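J.: got a sequence here, can you model it:
(chains A, B, C and D)
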2 protein chains.
Amino acid sequence: MLKYQQIATEIEKYIEENSLQQGDKLPVIEALMNQYEVSKSTITKSLELLEKKGIIFQVRGSGIFVRRHHRKGYISLLSNQGFKKDLEDYQITSQIIDFDVRKPTQEAAQSLNLQETDEVYYVKRVRYINGQTLCLEESYYHKGIITYLNKEIISESIFHYITEGLGLKVGFSDMYLQVGKLQEEEASLLGLESGDPKLCAESIFHLTNGQPFDFSKVTYNYEQSQFFVQGNSHLL
Amino acid sequence: MLKYQQIATEIEKYIEENSLQQGDKLPVIEALMNQYEVSKSTITKSLELLEKKGIIFQVRGSGIFVRRHHRKGYISLLSNQGFKKDLEDYQITSQIIDFDVRKPTQEAAQSLNLQETDEVYYVKRVRYINGQTLCLEESYYHKGIITYLNKEIISESIFHYITEGLGLKVGFSDMYLQVGKLQEEEASLLGLESGDPKLCAESIFHLTNGQPFDFSKVTYNYEQSQFFVQGNSHLL
DNA sequence: TTGATAAATTATACCGATACAATTATAATG
DNA sequence: CATTATAATTGTATCGGTATAATTTATCAA
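T.: Have a look, this model is predicted:
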């Protein structure tokens, strides 16, 4: 693990352990430099990382402060590693509806930079959180990249397999959201009524080298899912 | 404007003008250093910015590449300056339903770090996009920070007034999303049916110094609103 | 041709230093 | 006491450099 990541982790732990609250001040950069015995630039990078994660904010001329803790039980739309409902005291399980090798839909092919004649792993499953249906998930995996899948793997965490088992590195993702009404089939799989609200999320996941390897359409059970996202105006 | 921002803008323009596509390679850092006559660190910061904005991605040992252009017509959930449907050929108007000074709800008070006995500007309006109802918006503005508002201002862009008129600097925001069914009143204001799907977004906007100044609840017309968000796994 | 090995390319981590800008604390002033 | 001017604090921008890790290209051996 890199120095700046390590330090970021330790600062985060420090905030946690001393249960610092919104607006509480952290030691100044100079102090952190001495404490961790690294240069200013390294501390700065650590703080940048913590800022991106929404843990702290910095005010020039003033100091480094802890940001408001966000509400618990929300799914982050930013960290793209599958589900990460905060503090994993949630039990996520899944039931496989469908699993095979097939030709991608036009949409999937385009998202994965494939021809419609190429093949993909197709996985359709319902995911449960503490026994409640959480979502219906249809995924298309680039077979040239995700070279092997089986039922055991897709019953567990596919992302864990991709990173640990295959040694691939997940990079960035694009996600498109829209709200609509549940179709007959979706409703029955989710245990809801046809016409009930749904949140549909289409995601394209890429490796660090930019290759798209997973196109997924997730239909959420509106009763079980809440999301959060941290914005930042210095993007424009 | 700072050097690294300026350069980021120019690189973005370069991509646009030469209509570079997904995966196309940009000049290497060394070349960019020479072209813009700045140090490596400055180029690096420009590229970091473009990466955060989802314009490019970098691969160590390989180069700098342009990222897939995202779909048009989607509202970004990351840049927190009100609405920014891509490429503003959209006409956004609004109708004021309610506007006064009042005590905040408990939720609003807590979000704005106020007592329930403090006062806030309350604004309720329906916003339209090209004539169609886009959303219903209820906002609470910290009266100690947003010291003055009137009907003219809230008919236009409040954020523009806050930054230009009041000279305040918007920093970060927290946003919580959930899906549900429209109430009677919401539906009538949005021109939809009671029980139709809704996406409800609660946001807290802060100044760069960390002060929360705006708590807003936005109920979107599901027929008119699509969203996108760019994730990044090096957040963890 | 294939496959392994080495070299070159290229982004990233880290160091240290100077100048600058925003904020906050202090002192001076009326 | 309030207001203003000044100084100290503190994060940010920029420079420039060395070392490292991932990838690609070139080289060589089988």
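
J.: secondary structure class for the residue most central in space within chain A?
T.: Note on chain A: the residue nearest the mean C-alpha position is residue A:80, at 2.3 Å, using Cα atoms, centre = their mean. Under DSSP: H, G, I helix; E, B strand; the rest coil, residue A:80 falls in the coil class.

J.: kindly report the same for residue A:43.
T.: Residue A:43 ends up helix, using three-state DSSP.

J.: so it is in contact with residue A:31, correct?
T.: No - counting by Cβ atoms under 8 Å, residue A:43 sits too far from residue A:31 to count as a contact (9.4 Å). From N, CA and C alone the C-beta is placed, and that goes for glycine too.

J.: so for these two, which sits in the more crowded spot?
T.: residue A:43 (26 against 11; other Cβ atoms under 10 Å in any protein chain shown).

J.: so what's the nearest residue in space to the more buried one that is not next to it in sequence up against?
T.: Nearest residue to residue A:43, sequence neighbours excluded (Cβ to Cβ, 6 or more residues apart in numbering or on different chains): residue A:32, at 4.7 Å. By Cβ atoms under 8 Å, 6 or more residues apart in numbering or on different chains, the contact list for residue A:32 reads A:7, A:11, A:26, A:43, A:46.

J.: residue boundaries of the helices in chain A?
T.: For chain A, the helices defined by DSSP state H cover A:3-17, A:29-36, A:40-52, A:106-111, A:151-155, A:158-160, A:184-190.

J.: nearest to residue B:111, out of the contacts of residue A:32: which one, please.
T.: residue A:26 (23.0 Å; Cβ to Cβ).

J.: how much space separates that closest one from residue B:41?
T.: 24 Å (Cβ to Cβ, to the nearest Å).

J.: and those two? Which one has more around it.
T.: Set residue A:26 next to residue B:41 and count neighbours by other Cβ under 10 Å: residue A:26 wins out with 19 against 11.

J.: now the more buried one: how far from residue A:36?
T.: 13 Å.

J.: and residue A:111, by the same measure?
T.: Residue A:111 is 42 Å from residue A:36, by Cβ to Cβ.

J.: quick check, stretch A:211-220 touching DNA strand D?
T.: No - remark: stretch A:211-220 sits outside contact range of DNA strand D, by Cβ under 7 Å from any atom of the strand, the gap being at least 9.9 Å.

J.: wait, isn't residue A:100 in contact with residue A:124?
T.: No - Residue A:100 is not in contact with residue A:124 according to Cβ under 8 Å; the separation is 9.4 Å.

J.: ok so, going back, columns distance to residue A:174 and mean pLDDT on top of the helices of chain A, output as JSON lines?
T.: As requested, the helices of chain A are exported to JSON lines (distance: least, Cβ to Cβ, whole Å; pLDDT from 0 to 100):
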{"stretch": "helix A:3-17", "distance to residue A:174": "25", "mean pLDDT": "97"}
{"stretch": "helix A:29-36", "distance to residue A:174": "34", "mean pLDDT": "97"}
{"stretch": "helix A:40-52", "distance to residue A:174": "18", "mean pLDDT": "97"}
{"stretch": "helix A:106-111", "distance to residue A:174": "9", "mean pLDDT": "96"}
{"stretch": "helix A:151-155", "distance to residue A:174": "23", "mean pLDDT": "91"}
{"stretch": "helix A:158-160", "distance to residue A:174": "16", "mean pLDDT": "88"}
{"stretch": "helix A:184-190", "distance to residue A:174": "23", "mean pLDDT": "95"}
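
J.: can you list these in a markdown table and add distance to DNA strand D?
T.: Output for those, formatted as a markdown table (distance: least, Cβ to the nearest atom of the strand, whole Å):
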| stretch | distance to DNA strand D |
| --- | --- |
| helix A:3-17 | 11 |
| helix A:29-36 | 4 |
| helix A:40-52 | 6 |
| helix A:106-111 | 21 |
| helix A:151-155 | 23 |
| helix A:158-160 | 18 |
| helix A:184-190 | 38 |
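
J.: got JSON lines for the ones you listed, with distance to residue B:143 too?
T.: Below are the helices of chain A laid out as JSON lines (distance: least, Cβ to Cβ, whole Å):
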{"stretch": "helix A:3-17", "distance to residue B:143": "31"}
{"stretch": "helix A:29-36", "distance to residue B:143": "34"}
{"stretch": "helix A:40-52", "distance to residue B:143": "29"}
{"stretch": "helix A:106-111", "distance to residue B:143": "47"}
{"stretch": "helix A:151-155", "distance to residue B:143": "54"}
{"stretch": "helix A:158-160", "distance to residue B:143": "46"}
{"stretch": "helix A:184-190", "distance to residue B:143": "44"}
